[in-house]
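Colleague: Whatever this is, show me its structure:
(one chain, ligands or ions: 1)
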Amino acid sequence: MIPLRTATAEASPNIALIKYWGDAEHTLRLPANGSISMTLGGLSTVTRVTFDPSLEKDSLLLAGAPAPPGAQERVARHLDVLRAHAGLGEHALVESTNSFPSGAGIASSASAFAALTLAALTAAGCGVDSNTLSRLARRGSGSACRSILGGFVEWQTGALDADSFATQLAPRDHWALIDLVAVISHVPKAIGSTEGHRLAATSPLQAARVADAPRRLALCREAILQRDFAALAEVVELDSQMMHAVMMTSSPPLLYWMPPTVDILQAVASWRRAGKGVCATIDAGPNVHCLCEPGAAADVERALGSVPGVEHVLACPPGGPARVLLPAP
Ligand code: PMV
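Modeller: Numbering: from 1, shown residues only. Next up, the predicted model:
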């Protein structure tokens, strides 16, 4: 019997400090602007891919149960991209589990497509460098290209498929920031980010947001490299508010915030005025990521826990890159 081609990989989600919102080209997921993120330690997706010539189609199990049809199709489409790269025709069984509770308010598409890409290419026997991995992960979910790398990561826009990938700005031990994720809702969002990217261009604010992105990217890059929290806080909050302003003014408009989202934004602003090293950023959902300087995290975590509407708080230090997990001996 010919042994099946199988491999398992692990990847962590990331929080965007400068956001990707809107595409220059949708199918290839070429972004309208560059972005910067921190990979989130302590959270991961583990995915096993097994190519099997006896399978008639791809199938996806999430935490052991068959995934909904939409997720199955998206994974099969991504496997087509990876098979084309690897020169492979076999269908695959994909078994994926998140270490964080599903519906914990952490977007899992970044870690999911980063882990899937690495596991599938490893199973296919393809040696790939991190630029190629990142570029291919991008095809599944834009932000997945950043989850291939650990620490602080920048995704260059690129003009073509070949040059749109992420690289590391600084390793995870460069700066011991903590992302406190204030989870206020588990309800899946009505409009996902793939559709949101398509709506971005309908906002009259998107062109200005994109035109100003190189300036914000430079400020964020510099703040990270210098470990300058005050400068980071200013640009991270500006960038997040600019993305949400675009969302709120798209046609149709997207409003991801809930009342506790605003309460947390106001609390974080008052804590910072009082001298705490904390700032807030929000992805495509109501939960608020509160980035803290190491010394501020314990107090902020306690205070967040008593804001009405906060269900729980996850504490994430900078995390590592996507990696292949070796089978148990
Ligand atoms: O990778 P996607 O298509 O899920 O888009 C991510 C969008 C944001 O999380 C809102 C911003 C970002 O850069 O991660």
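
Colleague: Would you map the helices across the protein?
Modeller: In the chain, helices defined by DSSP state H lie at 69-86, 109-123, 130-140, 144-147, 193-200, 206-211, 213-226, 229-248, 259-273, 297-305, listed in chain order.

Colleague: Just the CA trace of the last one, in PDB.
Modeller: Put plainly, it is helix 297-305. Listed next in PDB are the C-alpha coordinates belonging to helix 297-305 (Å, rounded to 0.1, in the frame of the first residue of the first chain):
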ATOM      1  CA  ALA A 297      -1.600  44.500  31.600                       C
ATOM      2  CA  ALA A 298      -2.600  43.200  35.000                       C
ATOM      3  CA  ASP A 299      -4.500  46.400  36.000                       C
ATOM      4  CA  VAL A 300      -6.100  46.800  32.600                       C
ATOM      5  CA  GLU A 301      -7.200  43.100  32.600                       C
ATOM      6  CA  ARG A 302      -8.900  43.600  36.000                       C
ATOM      7  CA  ALA A 303     -10.600  46.800  35.000                       C
ATOM      8  CA  LEU A 304     -11.800  45.300  31.700                       C
ATOM      9  CA  GLY A 305     -13.400  42.400  33.600                       C
END
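
Colleague: re the thing from before, what about the helices of the chain, which gets the closest to F51?
Modeller: Closest to F51 of these, according to C-beta to C-beta: helix 109-123, at 5.7 Å. C-betas here are computed from N, CA, C, even on glycine.

Colleague: just the angle between the closest one and helix 69-86, please?
Modeller: Compare the direction of helix 109-123 with that of helix 69-86 by axes from the mean of the first three to the mean of the last three C-alpha atoms, to 10 degrees and you get 40 degrees.

Colleague: tilt between helix 109-123 and helix 193-200?
Modeller: With the same axes, to 10 degrees as the basis, helix 109-123 and helix 193-200 are set at 120 degrees to each other.

Colleague: Check which helices and strands helix 109-123 is in contact with.
Modeller: In terms of contacts (3 or more C-beta pairs under 8 Å, 6 or more residues apart in numbering; DSSP states H and E), helix 109-123 is packed against strand 5-11, strand 45-51, helix 69-86, strand 92-98, helix 130-140, helix 144-147, strand 323-325.

Colleague: Out of those, which is the most enclosed?
Modeller: Each of those was given a mean neighbour count from mean count of other C-beta atoms under 10 Å, and the largest, a mean of 32, is that of helix 144-147.

Colleague: In CSV, please show the C-alpha coordinates belonging to that helix.
Modeller: Provided in CSV are the C-alpha atoms of helix 144-147 (Å, rounded to 0.1, in the frame of the first residue of the first chain):
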residue,chain,number,x,y,z
ALA,A,144,-3.5,34.7,6.9
CYS,A,145,-0.4,35.8,5.0
ARG,A,146,0.7,37.6,8.2
SER,A,147,0.1,34.5,10.4
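
Colleague: ok now that helix, how far from the chain's centre?
Modeller: Its chain's average C-alpha position is 6 Å from that of helix 144-147, according to C-alpha atoms, centre = their mean, to the nearest Å.

Colleague: Next: stretch 289-307.
Modeller: That offset, for stretch 289-307, works out to 21 Å (C-alpha atoms, centre = their mean).

Colleague: which other residues reach it?
Modeller: Taking contacts as C-beta atoms under 8 Å, 6 or more residues apart in numbering, the residues outside stretch 289-307 that touch it are 15, 17, 38, 176-182, 229, 232-233, 236, 260, 263-264, 267-268, 271, 276-283, 310, 312-313, 315.

Colleague: so how far does that stretch reach from one end to the other?
Modeller: The distance separating the two terminal residues of stretch 289-307, taken as C-alpha to C-alpha, to the nearest Å, comes to 14 Å.

Colleague: again, but for stretch 308-316
Modeller: Across its full length, stretch 308-316 reaches 22 Å end to end, with C-alpha to C-alpha as the criterion.

Colleague: Now that stretch: average pLDDT?
Modeller: Throughout stretch 308-316, pLDDT has a mean value of 94.

Colleague: List the buried residues for that stretch?
Modeller: Using 16 or more other C-beta atoms under 10 Å as the burial criterion, the residues of stretch 308-316 that qualify are 310, 313-316.

Colleague: can you list the residues of this protein near the ligand?
Modeller: 16, 19-21, 35, 107, 109-110, 141-143, 193-194, 197, 283-284 (C-beta under 6 Å from any ligand atom).

Colleague: And the buried ones among those residues, selectable in ChimeraX?
Modeller: Here is the ChimeraX command that selects the buried residues among the residues of the chain next to the ligand (16+ other C-beta under 10 Å):
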select :16,19,20,21,35,107,109,110,141,142,143,193,197,283,284
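
Colleague: Show me which of the residues of the chain next to the ligand is closest to A63.
Modeller: The shortest gap between A63 and any of the residues of the chain next to the ligand belongs to S109, at 15.7 Å (C-beta to C-beta).

Colleague: which residues touch the closest one?
Modeller: Residues in contact with S109, defined by C-beta under 8 Å, 6+ apart, are 140-141, 143-144, 193.

Colleague: who touches the closest residue to L93 other than its chain neighbours in this structure?
Modeller: Across the structure, with C-beta to C-beta, 6 or more residues apart in numbering as the measure, the residue nearest L93 apart from its sequence neighbours is T50 (4.7 Å). Contact criterion C-beta under 8 Å, 6+ apart gives 4-6, 92-93, 95, 123 as the residues in contact with T50.
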